[in-house]
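Engineer: Let me see the structure of the following:
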Amino acid sequence: MAECGGFLYLQKEIRDRDGKIWPMAGVLPGTGFPTDRLQRFGYLTVLPEEDSLLFRRGEEVPAHEFHYWDCTVCGEDLTARKSGGRTWRFGSVGETLYAAFPHLHWGGSIPMAKRLADAASKVREGKK
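Structural biologist: Numbers count the residues shown, from 1 in each chain. I've put the predicted structure just below:
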């Protein structure tokens, strides 16, 4: 599970303000880079279209973003919706992965924490 800075860490590389490229974990294909203003700032709703580690299709999960960084490949696995109706694709998710800029809100009735704990227990027990 990698939100915001963790998402940048999983990228192939990161470019600093001087243009120097630094290798990162290489799990995801993008290049992170700094910007001069906040990117996609504010509250949003995550709309998953498929089941994954944390999400179930059709749920609406509250989240927020506040970062001065962006990435050449922000992912396409989820849809974000702002209160005004604007939407965009973002994130990389799967059976064992959530990687994206948005910070998820873990409260409320969405049982994401239990899903994450259950997945960790399976790994601990040697199951996939």
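
Engineer: Identify the bridge partners of the closest residue to Glu60 other than its chain neighbours.
Structural biologist: Take Glu60 and drop its neighbours on the chain: the residue closest to it by CB to CB, 6 or more residues apart in numbering is Thr45, 5.1 Å away. Every C-beta, even on glycine, is put in place using the N, C-alpha and C of the backbone. Beta-bridge partners of Thr45, counted by DSSP bridges, are Pro62, Arg81.

Engineer: I figured Thr45 hits Gly84, correct?
Structural biologist: No - contact criterion CB atoms under 8 Å: Thr45 and Gly84 do not qualify, at 11.6 Å.

Engineer: who has more neighbours, these two?
Structural biologist: Taking neighbours as other CB atoms under 10 Å, Thr45 and Gly84 compare with Thr45 leading, 17 against 6.

Engineer: Tell me the pLDDT of that one.
Structural biologist: For Thr45, the pLDDT comes out at 96.

Engineer: do Gly108 as well
Structural biologist: Value listed for Gly108 in the pLDDT field: 67.

Engineer: now swap in Glu13 and tell me
Structural biologist: With respect to pLDDT, Glu13 has a value of 98.

Engineer: quick one: it from Ser52, how far?
Structural biologist: Distance, Glu13 to Ser52, by CB to CB, to the nearest Å: 25 Å.
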